[in-house]
Every structure is written in structure tokens, then in C-alpha cells.
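Colleague: Just need the structure, nothing else, for what follows:
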Amino acid sequence: MGKRAAVLCAAAAVVAGTFTAAPAGASPSPSAQAARAAQIDWKDCGTTDYPSLQCGSLEVPLDHADPHGKQITLALSRVPHTAKRYQGPLLVNPGGPGGSGLRLAGFVAKTLPKSVAAQYDVIGFDPRGVGLSKPALNCAPNHFAPVRPDSVPGTAAIERANLRRAKSFAEACGRKYADVLPHVNTLSVVRDMDAIRRALGASRLNYFGYSYGTYLGAVYAKLHPQRVRRLVLDSIVDPTGVWYEDNLLQDHAFNDRHRALMAWVAKHHGTYRLGTDPEKVEATWYAMRAALAKKPADGKVGAAELEDTFLPGGYYNGYWPYLAEAFAAYVNDKNADPLVEAYENFAAIDAAGVNGYSVYTSVQCRDASWPRDWATWRADNWAAYAKAPFMTWNNAWYNAPCAFWPTRPLDPVDVTNGDLPPALLFQATGDAATPYEGGALVHALLRRSSLVVEQGGGNHGVTLSGNACLDKHLAEYLTDGTVPRGTGQVDAVCAALPDPKPLSTKAASGTAHGTVLHGLLGFRS
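Modeller: Below is the predicted model:
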């Protein structure tokens, strides 16, 4: 905490200044031999949105310490380069843990400037356990079936019910995947990434990760600094808090973001008729929560499901108009249908969601130590709840299987790195899922990195989301390695995009690219 606090003190004031661009020591393009996909049989799997997408697979050891033992299969995707100048593979990851990266490759290739994307093979992958990779984890299909117990354990009975759910999920994972769980963790995924690099015939890797994908990138860079060519990290995990402390910090950040939504609703009282005082609007939201705890909407949306439904608004403000309409309809018109629709669109967990959560818990519970004494969780989360009631207990139960996880924890990786080429980092000041301090800290830990800050932004995942200033820095870096260099703790500042307008206006609720990107990044996992 001392190191984290020192970095934050130095980086707290994000002030615009004069910035210069510095070339990142551009290296020569990989050779034709290095560019050849040596072990992957690519086949067309294009879609209407991504017609150039190709798919393939790669076998890797379940246990990299036993390379000739049991093998598992990674699902891969590729948009091949089309330019004469070829800069090698650009491996992309949407985060999670548990997020599928297959379509992200298509999105990145389509959304980058054509002249930039054309120089790379953009590579996506489903990490071990995820999606089309085999085996794909699915610990307990009905774990999120509504209506769940109230997330706030106001009685001993409610706490016991939530503890039973958490323990049952951990036990189900242990029964179904006893031989797999020890090998579902960040270090194993990082070794898979290096296997992908080798299979692509590349001597060095270009990498672009969002959210948890930033931790993957930082750990890969720590293990293999000489194999990193370009490194882009967007919305950055604090590596010193994985994962128990990081989740407690999230609680406060999501609470702030939820209050920002309430203030936005109050600002648009003319549309939503919920009042002009943000605090009173927030009180109305909690009254809605209390009512749903007693009588769930359509037998689906209770208190916990309401929190799930509004959580995406903490990731992306493009969802605010939809959430506000559902809120207003329930309060003003006694009509729960829009709320149920919002739950089904934003929060209901399908098979892919159960898979993502199974991998999320498997990775986070294995990566690092979690308290095994529930009294610690109880004390820490009640303390957080006192200041940040919106998501604290919901988040606690989401992670609570780690208190009962059947595998022993590993040690977190110290990502401090002075051996990398210049890396480019992006962070919004109001990001809830990966709070700003994570970006500031990793910027200090990666000696030659540059940090671009979206001042006033609250979204999670900010590049390729409609902010031309951010995307200009990204394009310049991927073109020739140019990074901004400032004189302080921040190397460049970009203003955030305006908040959305209500759906009743002609303005769109969010940028087209932003909506697509946040659909690919998902929520939590």
C-alpha cells in the first residue's frame, strides 16, 4: 500500500501541459519466416461484421511443466495483414478473466485506421477454459438463476443462504474439473500466449489488452521482456492488489459511478421525472431496490438482480439512457416491463456467461491468496458497504467462492519491468472496474511506459470507443512506435467524450464503436 500511495500522490493532479512525441525505437519488420503461421491451419469463418475473419486452433499442454502430457485446445481467430509492410502478429484480449477474444480480433482490425490494421495479423484467442477452447469450463449452470438471495446480508439467514451458494459453486468446480483447475490461472495463460507466438512463427509479439488483459500483458512482459515488440494496456489492473484488495477498491469506484448515473438522471428530470436532486434520485433508486427485495419483478428481478442490471452502467455510460428509462417506468408508471427487459439484456446469465464466470473464479481464486476465514470478509465488506452500498455485497458474493476454492493459491507476479521497449498505457480518471490508481501505478512500474489519461472519463475500455484523441495516440504507436512523453507523471491528456443524451433526443446514446466494444468486453467476466 505504501508504494501505491506514493505513486498516487505523485500522479494525483492530472494537468494538461505541453507534450512531445518520442519514437519508440522502431524495430525492423519481422522476417517472412517469422511472419509465417507455422502450426495453425487457418480457415475462413467470416461474419457480416467481420468478413475477413479466419479461425484456427492450437494444442498446448494442460501443464506447461509437462509439455508431453495431456493437451488442451485453444481456439484462435485472425484477420490477416494486407499491406506490404508487415509488423507481425497483434494479439488482443478483452479481459475477464473469462472473456472470449475471437470477435475482438475482428473489431480491432475493423476499427483501427485501415492503414494501421493492414500491417498486422490481428490475432484473437479464447483463453484456456473459455468459449470454443477445449475443455470449456461450466461449473454450475444454474448458479445465477433468479431470484437469488438479497446480496446485503441483513440477517444471519440471508448470509447463510449466500454462503451456501458460494461454497456449492466452489465444490461443483472441484468435482467437475479437479485435474484442470490447478492449471487455470494467469501464468498458464501467459505461457499459452507464448505458445501462440511460437506457432505464429514470430520472434516477438505485439500485444493489446483491455481490463484483466492488461494484467496478462504485464505478466507476459515480465516473463518475456525480450519477446515484446509493442505493448498496449487499456484500463489497467492494479497488480499489487490481485485480487481481494482490487475487488474492495472496485466497490468504492462503482459506487461513485452509480452516483454519477443518478446525477445524470437528475440532470434530465424533464425526461425521467425522478427529481432534480441527485441524492433524492439515489434514495428513490434504493427504495426501488427495497421494493424488489420484497416483490421481485416478473419473478426475475429481485434486489440482487437489480444490482446486476445497473452494474453495466458502471462500465459504460452508453447504457445510462436504457437504465434510466427502466428506472423511471418502474417508479412513475408502476411498469416493471422495461426493468425486466433491461435485466434480460444486461444481466441475465446465459451459457456463455456461466462459462465466463467459471473461468473468472478459477483464475482469480488460483492466482493469489484470499481470506479463508469468513469473518475477514464480513468485516471488510461491511466496512466498505458503509461508504459504498451500491455493489459491495453483490461483488463480495460474486467472489466468495474463493473463500472455499479447492486449489491452493499461487503468488502474484511483481510486474516491475525496466527491460521493455516503450509501452503505451490508457486510463480514464473515473474508471470503476479498474480504478485510476492502477494505471498510475503500472506506469511507474513499467519504466519506459507512457500514460495517456482520459480526463473526466468514467468508462472502462476507452480506446477504439470513439475518442479521436486517444485513438490518435494508439494509431501512432502501432504505426511506428511513437509514444507521447510528458514532463510529469502523465504523458498526454485527452478530454472525455460528453455523456449521452436521453433516448428521446436525436443524439445517440453512445458511440457506435463504444457500444460494440463494450459488448465484447462484457461486465466482470
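Colleague: So for stretch 482-497, mean pLDDT?
Modeller: What stretch 482-497 shows for mean pLDDT is 96.
Colleague: In it, which residues are buried?
Modeller: For stretch 482-497, the neighbour count (16 or more other C-beta atoms under 10 Å) marks 482-484, 486, 489-494, 496-497 as buried. C-betas here are computed from N, CA, C, even on glycine.
Colleague: Can you redo these as a markdown table, where the extra columns are distance to Val281 and secondary structure?
Modeller: Formatted as a markdown table, the buried residues of stretch 482-497 follow (distance: C-beta to C-beta, whole Å; DSSP: H, G, I helix; E, B strand; the rest coil):
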| residue | distance to Val281 | secondary structure |
| --- | --- | --- |
| Thr482 | 45 | coil |
| Val483 | 42 | strand |
| Pro484 | 39 | strand |
| Gly486 | 38 | coil |
| Gln489 | 35 | coil |
| Val490 | 33 | coil |
| Asp491 | 38 | coil |
| Ala492 | 35 | strand |
| Val493 | 31 | strand |
| Cys494 | 30 | strand |
| Ala496 | 22 | coil |
| Leu497 | 23 | coil |
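Colleague: Now render the residues you listed as TSV, adding distance to Ala468.
Modeller: As requested, these are arranged in TSV below (distance: C-beta to C-beta, whole Å):
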residue	distance to Ala468
Thr482	16
Val483	18
Pro484	15
Gly486	19
Gln489	24
Val490	19
Asp491	18
Ala492	13
Val493	14
Cys494	9
Ala496	12
Leu497	9
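Colleague: So which of these is the closest to Glu325?
Modeller: Distance to Glu325 across the buried residues of stretch 482-497 (C-beta to C-beta) is lowest for Leu497, with 21.0 Å.
Colleague: so the closest one sits right up against Asn467, yeah?
Modeller: Yes: under the criterion of C-beta atoms under 8 Å, Leu497 makes contact with Asn467 at 5.6 Å.
Colleague: Overlap in contacts, the two.
Modeller: Taking C-beta atoms under 8 Å, 6 or more residues apart in numbering as the contact rule, Leu497 and Asn467 both touch Gly457.
Colleague: longest helix of the protein?
Modeller: Taking DSSP state H as the criterion, the chain has its longest helix at helix 244-267.
Colleague: Would you mind listing the buried residues in that helix?
Modeller: So helix 244-267, judged by 16+ other C-beta under 10 Å, has buried residues 244, 246-262, 264-266.
Colleague: in the protein, which helix or strand is least confident?
Modeller: helix 32-35 (a mean of 41; mean pLDDT, DSSP states H and E).
Colleague: Quick check: what element follows that one along the chain?
Modeller: Going down the chain from helix 32-35, the next helix or strand is strand 43-44, by DSSP states H and E.
Colleague: which residues are contacting that next one?
Modeller: 53-56.
Colleague: pLDDT wise, what is the residue sitting furthest away from the middle of the chain at?
Modeller: Most distant residue from the mean C-alpha position of the chain: Asp333, 35.2 Å away (C-alpha atoms, centre = their mean). pLDDT for Asp333: 98.
Colleague: From Glu282, how far out is it?
Modeller: 20 Å (C-beta to C-beta, to the nearest Å).
Colleague: same check, this time on Gly241
Modeller: 27 Å.
Colleague: residues near Glu476, how many?
Modeller: Other residues within reach of Glu476 by the criterion other C-beta atoms under 10 Å amount to 18.
Colleague: isn't there a helix covering it?
Modeller: Yes: using DSSP: H, G, I helix; E, B strand; the rest coil, the assignment for Glu476 is a helix.
Colleague: which non-adjacent residue is nearest it?
Modeller: Thr482 (4.4 Å; C-beta to C-beta, 6 or more residues apart in numbering).
Colleague: Out of the contacts of strand 43-44, which end up buried?
Modeller: Of the contacts of strand 43-44, these count as buried by 16+ other C-beta under 10 Å: 53-56.
Colleague: Dump those residues into JSON lines; add pLDDT and distance to Ala145 as well.
Modeller: Shown next, in JSON lines, are the buried ones among the contacts of strand 43-44 (pLDDT from 0 to 100; distance: C-beta to C-beta, whole Å):
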{"residue": "Leu53", "pLDDT": "98", "distance to Ala145": "34"}
{"residue": "Gln54", "pLDDT": "98", "distance to Ala145": "37"}
{"residue": "Cys55", "pLDDT": "98", "distance to Ala145": "32"}
{"residue": "Gly56", "pLDDT": "98", "distance to Ala145": "35"}
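Colleague: if we can go back for a sec, which element follows the longest helix of the chain toward the C-terminus?
Modeller: helix 269-272.
Colleague: So which residues of the protein form strands?
Modeller: Secondary structure of the chain, counting by DSSP state E: strands at 20-22, 43-44, 54-61, 71-79, 89-93, 121-126, 205-210, 228-234, 424-428, 450-455, 483-485, 492-495.
Colleague: Now tabulate the buried ones among the contacts of strand 43-44 in CSV and tack on distance to Leu446.
Modeller: Shown next, in CSV, are the buried ones among the contacts of strand 43-44 (distance: C-beta to C-beta, whole Å):
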residue, distance to Leu446
Leu53, 31
Gln54, 32
Cys55, 33
Gly56, 31
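Colleague: Next, give me the two most distant ones among the residues you listed.
Modeller: Leu53 and Gly56 (10.9 Å).
Colleague: before we move on, the earlier item: identify whichever of the strands of the chain lies nearest to Met391.
Modeller: strand 424-428 (18.1 Å).
Colleague: what is the orientation angle of that closest one with strand 228-234?
Modeller: 0 degrees (axes from the mean of the first three to the mean of the last three C-alpha atoms, to 10 degrees).
Colleague: So what's the gap between strand 424-428 and the chain middle?
Modeller: Relative to the chain's own centre, strand 424-428 is displaced by 14 Å; criterion: C-alpha atoms, centre = their mean, to the nearest Å.
Colleague: just the angle between it and strand 450-455, please?
Modeller: Using the same axes, to 10 degrees: strand 424-428 against strand 450-455 is 20 degrees.
Colleague: counting contacts, what elements does strand 424-428 pack onto?
Modeller: Under the contact criterion of 3 or more C-beta pairs under 8 Å, 6 or more residues apart in numbering; DSSP states H and E, strand 424-428 touches strand 228-234, helix 436-445, strand 450-455, helix 468-480.
Colleague: now what about the second one, what contacts it?
Modeller: The reference is to helix 436-445. Contacts to helix 436-445, defined as C-beta under 8 Å, 6+ apart, come from residues 3-4, 7-8, 10-11, 214, 218, 233, 235-241, 246, 249, 415-417, 425-431, 449-451, 453, 489.
Colleague: Just the buried subset of these, please.
Modeller: Buried members of the contacts of helix 436-445, scored by 16+ other C-beta under 10 Å, are 4, 7-8, 11, 214, 218, 233, 235-241, 246, 249, 415, 417, 425-431, 449-451, 453, 489.
Colleague: returning to that earlier point: could you dump the longest helix of the chain to CSV, C-alpha only?
Modeller: Extracted in CSV, the C-alpha atoms of helix 244-267 (Å, rounded to 0.1, in the frame of the first residue of the first chain):
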residue,chain,number,x,y,z
TYR,A,244,-9.0,-9.5,-2.9
GLU,A,245,-7.9,-5.9,-2.4
ASP,A,246,-8.6,-4.9,-6.0
ASN,A,247,-12.2,-6.0,-5.6
LEU,A,248,-12.7,-3.9,-2.4
LEU,A,249,-11.3,-0.9,-4.2
GLN,A,250,-13.8,-1.5,-7.0
ASP,A,251,-16.7,-1.3,-4.6
HIS,A,252,-15.9,2.4,-3.9
ALA,A,253,-15.3,3.2,-7.5
PHE,A,254,-18.6,1.6,-8.7
ASN,A,255,-20.4,3.4,-6.0
ASP,A,256,-19.0,6.7,-7.3
ARG,A,257,-20.0,5.7,-10.9
HIS,A,258,-23.5,4.8,-9.8
ARG,A,259,-23.9,8.2,-8.2
ALA,A,260,-22.7,9.8,-11.5
LEU,A,261,-25.6,7.9,-13.1
MET,A,262,-28.1,9.2,-10.5
ALA,A,263,-26.8,12.8,-11.1
TRP,A,264,-27.3,12.3,-14.9
VAL,A,265,-30.8,11.2,-14.3
ALA,A,266,-31.5,14.2,-12.1
LYS,A,267,-30.0,16.5,-14.8
